[in-house]
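[1] Okay, predicted coordinates and the sequence, questions at the end:
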Amino acid sequence: MNKQVAVTQFDQLIQSGDWLTQRKQSVALTLTECLQPAGGKDAVIFPPTYARDEKKKAANERLNHPYAIDTFRRDVEPETAAKSAEVNTCLLDSVGAQANRMETQFKKTPLSALVPQVLIKAGDAKVNLLDIGHRIADGAVRHSEFGIKGKSAISAIKEGNANEIAKLAPTSLVFGFWDSRDTQFKAARVLSSTIRATNVEVLKRSAQFNPAFDPTTIGLNETATLDSVPEPDDKDPLSKEGMRSAPAVDTHGGVRVYGQIVRQTEVNLVALRSLAVIENGEIKGEETLRLRRYILGLSLIAAIAQTDYNLRAGCLLVGDPDVEVKARIVTPEGKREAFDWEAETIIAYAQAVARDFSKDPGGEFHFKPESVKEAINKKAAEKEAKKAGKAGKKELKPVVEQP
């Protein structure tokens, strides 16, 4: 990538100004992409499945599936509505799932050079921080040699200084994190993305498994071969061994999309402008600008970094050639102006601002099991002390003397 770019080209989006200036600054960059199944627009796709509330399922036949579908209208069928109105929407990839897909792209060349590559080693296993669910606040990180640095960085951002985290684990700022096991601090996402389908019809499928042999013809009558009689509610022992026919009737069979499949991505410029470098209680202007440029560069890259949308088995998506990709700058008044999200320019910008920002080199850090034990014992002791304190207060109730 030899394209020359100015590191200042997006400064008007991320610089802080006075109150009047900030009221007029753009609030977001959005990227809207229409997708379609790889098998064609009429192909059936499989959304993610979630645990079902059996009580709600029994009360409402429409919930007899494990998909996340929100219904807006019941007076129009999805096929009738098609693209003229939205009667329902189905989640195909959540904010968290999209974040995980985007973040792991930074392990690949040339994007790997843009962020520190931090490896946590436990025994013979190694895991990259870019693969770890809670990012810098994850237990695997907190209880490793890297944990001291991470805790210091979280303490700093609680006081408004994002510089340490940007140097150690910048994607924790891009995709956000919650230190739910320690400080309870939450860092808002700068970048968010979801994939949803509109006007979907839920389908069912059935299957039948037949064993290679009829068990009754090969001496496998379970009542004769078992030493003990199974409980009435136990599963057929032969079924457990794959020797009994097993029907699967009317299970979830994916969805047919009559509307659109849309990936909606947003860079929150307000959240980005809240990041600062602070020393002795003062914001360092030039250092803050370098930090924001760096996080903006990573966010712009992440938004376009997925090379495919292979979301899960039965859900491979591709672009829709009939619908233009829309990149927009959004103003506080809701106006939307074109934004050039051109890959070559964005990559060159991200590389330039990364060189201008002093990142941590990364490295390999060992997990410390003893740290987990200490944390468990400490919390247990605190709990016991709290109980003892409450018991002591009950015993020390004042006695009111009778006159």
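    Perfect, thanks for sending it.
[2] which stretches of the protein have low pLDDT?
    Residue ranges of the chain with pLDDT under 70: 1-2, 54-63, 221-235, 394-403.
[3] where's the most centrally placed residue in it, which helix or strand?
    With distances taken as CA atoms, centre = their mean, the residue of the chain nearest its centroid is Gly96 (1.4 Å). Using DSSP states H and E, Gly96 sits within helix 95-103.
[4] now do His366
    Counting by DSSP H and E, His366 is found in strand 363-366.
[5] What of Ile347?
    Assigned by DSSP H and E, Ile347 falls in helix 343-355.
[6] distance of the nearest residue to Ser26 once chain neighbours are set aside from Glu266?
    Leaving out its chain neighbours, the residue that sits closest to Ser26 by CB to CB, 6 or more residues apart in numbering is Ile329, at 4.9 Å. (Glycine included, C-beta is placed from N, CA and C.) Distance, Ile329 to Glu266, using CB to CB, to the nearest Å: 12 Å.
[7] got the contact list for stretch 335-344?
    Taking contacts as CB atoms under 8 Å, 6 or more residues apart in numbering, the residues outside stretch 335-344 that touch it are 1, 3, 29-31, 300, 303-304, 325, 327-331.
[8] For it, buried residues please.
    For stretch 335-344, burial by neighbour count (16 or more other CB atoms under 10 Å) applies to Phe339, Trp341.
[9] okay, how far is it across it, tip to tip?
    26 Å (CA to CA, to the nearest Å).
[10] Mind listing what's buried along the host helix or strand of Val318?
    Assessed by DSSP H and E, Val318 sits inside strand 315-319. Judged by neighbour count using 16+ other CB under 10 Å, the buried positions of strand 315-319 are Cys315, Leu316, Leu317.
[11] And stretch 206-214, by the same measure?
    So, applying 16+ other CB under 10 Å, buried residues of stretch 206-214: Pro211.
[12] same thing with stretch 157-167?
    Quick answer for stretch 157-167 (16+ other CB under 10 Å): Ile157, Asn161, Ala162, Asn163, Glu164, Ile165, Ala166, Lys167.
[13] picking up where we left off before, tabulate the buried residues of strand 315-319 (TSV), appending distance to Phe185.
    TSV is the format used below for those (distance: CB to CB, whole Å):
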residue	distance to Phe185
Cys315	35
Leu316	38
Leu317	35
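[14] where exactly do the strands run in the stretch 301-403 of the chain?
    Taking DSSP state E, counting those that start in this stretch as the test, the strands found in the stretch 301-403 of the chain are 309-312, 315-319, 326-330, 336-338, 363-366.
[15] for this protein, what's the longest strand?
    strand 246-257 (DSSP state E).
[16] Quick one: work out the angle between the helix or strand following it and strand 326-330.
    For strand 246-257, the following helix or strand on the C-terminal side (DSSP H and E) is strand 261-268. Counting by axes from the mean of the first three to the mean of the last three CA atoms, to 10 degrees, strand 261-268 points 30 degrees away from the direction of strand 326-330.
[17] Can you get me the centre-to-centre distance for the lengthiest helix in the chain and its chain?
    Using DSSP state H, we find that the single longest helix of the chain is helix 369-395. Offset of helix 369-395 from its chain centre (CA atoms, centre = their mean, to the nearest Å): 33 Å.
[18] just use 40 as the starting number from now, easier for me
    Sure, I'll start counting at 40 from here, so that last one is helix 408-434.
[19] still on that earlier bit, Ala424: which of the buried residues of stretch 196-206 is nearest?
    Ile196 (30.0 Å; CB to CB).
[20] Kindly state the domain boundaries assigned to this structure.
    50-237+294-405, 241-293 (automatic domain parsing).
[21] Quick one: end-to-end distance for the shortest one.
    If I follow you right, that is domain 241-293. In domain 241-293, first residue to last residue: 6 Å (CA to CA).
[22] Then stretch 355-363?
    Start-to-end, stretch 355-363 (CA to CA) is 20 Å.
[23] Tell me where the stretch 140-289 of the chain has strands.
    Per DSSP E, counting those that start in this stretch, the stretch 140-289 of the chain carries strands over the ranges 157-161, 164-167, 216-217, 225-226, 230-237, 239-248, 285-296.
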